[in-house]
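K.L.:
Build me a model from this:
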Amino acid sequence: MTDNDNYAKQLEFIEEMARRFRPIHDAFLDRKQEFEEDALDPPVHTILADTASWIDRNVETDPAGVSEILSAFDYAYSRNDLTIRALIGMGLVESLPRTWSERGQKVWELAGQNIKKLIDVCSKNGVVFEKDLD
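P.N.:
Residues are numbered from 1 along each chain as shown. As a prediction, this is how the structure comes out:
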């Protein structure tokens with residue numbers, strides 16, 4: 001699979017998630033508009049980093065909404081290949097608050113087992129490596 005194929009698959013995944021969740025939709029539209037002005041493709045990793053920021057800001061005020069989004073990513077992680085797993089790990093999880101913070105601990109508690117495992121790896125190593133995406 002080429003880089004263009006990988007990007008197309010990741011963009012399709014982001015668009016699917018954006019149709020389901022307002023915070024992802026808003027981040028997607030903001031980034032798409034910003035980058036299309038310069039004739040560039042929307043940055044899928046940045047859209048998920050924006051989503052992680054929303055999760056961080058809302059984990060205490062909207063735990064049900066955060067839980068729903070995290071569950072969808074956890075499910076998608078278990079159902080997809082390395083291309084999408086890498087996007088979730090490196091785009092979303094690396095941008096989530098770390099478990100040593102109060103909000104990071106709350107995010108961890110709301111996450112499913114796949115996302116929890118990646119949060120643990122990221123809290124320990126600072127990043128998610130391809131070897132961590134099994």
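
K.L.:
where along the chain do the helices fall?
P.N.:
With DSSP state H as the criterion, the chain has helices at 3-20, 22-36, 44-58, 63-79, 82-86, 102-110, 113-125.

K.L.:
Look at Ser78 and say how many residues are nearby.
P.N.:
11 (other C-beta atoms under 10 Å). Quick note: C-beta positions are derived from backbone N, CA and C, even for glycine.

K.L.:
If you could redo that for Pro97, that was the one I meant.
P.N.:
Neighbours of Pro97 (other C-beta under 10 Å): 21.

K.L.:
Surely it and Arg103 touch.
P.N.:
Yes - contact criterion C-beta atoms under 8 Å: Pro97 and Arg103 qualify, at 4.8 Å.

K.L.:
hang on, the earlier thing: quick one, which of the helices of the chain is nearest to Asp132?
P.N.:
Closest approach to Asp132 among the helices of the chain is made by helix 113-125 (4.8 Å; C-beta to C-beta).

K.L.:
Can you mark which positions in that closest one are buried?
P.N.:
Residues 114-119, 121-123 are the ones in helix 113-125 that count as buried (16 or more other C-beta atoms under 10 Å).

K.L.:
Could you export those residues to TSV, including columns for pLDDT?
P.N.:
As requested, the buried residues of helix 113-125 are exported to TSV (pLDDT from 0 to 100):
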residue	pLDDT
Asn114	97
Ile115	97
Lys116	97
Lys117	96
Leu118	96
Ile119	96
Val121	94
Cys122	92
Ser123	90
